[in-house]
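Novice: Predicted model and sequence follow; I will ask about them next.
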Amino acid sequence: MKLILENEGGKIRAKLVAELDGAESVVIEEGTAGGSGKVAAQTGMRRSTFCLNPAGDTPSSARLFDAIVSGCIPVVISDELELPFEGILDYRKIVLFVSSSDAIQPGWLMAFLKNIGPKKIREMRVNLAKYARHFLYSSPAQPLGPEDLAWRMIAGKLSNIKLHIRRSQRVVKESRSLCTCDCRKTNLTTPAL
């Protein structure tokens with residue numbers, strides 16, 4: 001099992017680097033800008049079985065997309081990562097999801113990954129090859145490419161936006177400020193006996 005982790009900072013990443021540094025079959029890459037850094041990262045991902053994608057400062061990461069296109073099974077270590085096209089693509093076929101609290105437990109992540117069988121790895125890699133086209137930008141844009149999927153997601157949101165606009169237009173003025181609950185002050189006078 002070969003695992004790649006790019007070390008670019010972040011609390012979870014720092015803990016993972018400390019946990020995995022020196023572990024057998026683990027490669028920790030320092031992120032570098034420029035053409036040579038990009039080629040090194042692509043080569044490392046193509047040679048790896050799993051690519052860790054720990055939580056960072058942004059809702060999603062180019063690292064995830066690079067792993068998918070490289071055929072490296074992404075291991076998303078985050079409790080709330082937002083994934084593009086999630087309403088269209090089933091990421092469970094190509095990504096392993098791990099909670100941050102589990103991943104940083106000593107020995108847990110390596111044991112988890114070692115328990116992924118060869119059949120599951122082959123299946124996920126076949127799916128990665130199929131899904132890669134959804135993350136490859138091209139000119140002109142291709143059907144079901146990232147540009148097309150982005151427009152589909154926008155179109156899906158558009159109907160929701162129209163619904164909210166129509167609802168807000170039919171609301172009677174000040175109707176939202178009327179109290180309909182039983183929170184009004186009750187009569188505090190005591191009945192005579």
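Specialist: That came in fine, so what should we check first?

Novice: Mind listing what's buried along the longest helix seen in the chain?
Specialist: For the chain, the helix that runs over the most residues, judged by DSSP state H, is helix 146-170. Using 16 or more other Cβ atoms under 10 Å as the test for burial, helix 146-170 gives 146, 149. Backbone N, C-alpha and C define where each C-beta goes, glycine included.

Novice: Show residues contacting it.
Specialist: For helix 146-170, the external contacting residues (Cβ atoms under 8 Å, 6 or more residues apart in numbering) are 84-85, 87-89, 134-137, 141-142.

Novice: after the least confident helix or strand in the chain by mean pLDDT, next one along is what?
Specialist: Ranked by mean pLDDT, DSSP states H and E, the weakest helix or strand in the chain is strand 3-7, scoring a mean of 55. Using DSSP states H and E, the helix or strand that follows strand 3-7 in sequence is helix 11-20.

Novice: now the angle from the strand or helix carrying Val76 to helix 11-20?
Specialist: Element membership for Val76 (DSSP H and E) is strand 73-77. Calculated by axes from the mean of the first three to the mean of the last three Cα atoms, to 10 degrees, strand 73-77 forms an angle of 120 degrees with helix 11-20.

Novice: Within the sheet, what are the partner strands of strand 73-77, with directions?
Specialist: strand 50-54 (parallel), strand 96-98 (parallel) (DSSP bridges).

Novice: The ones you listed: which one's closest to Gly44?
Specialist: strand 50-54 (8.5 Å; Cβ to Cβ).
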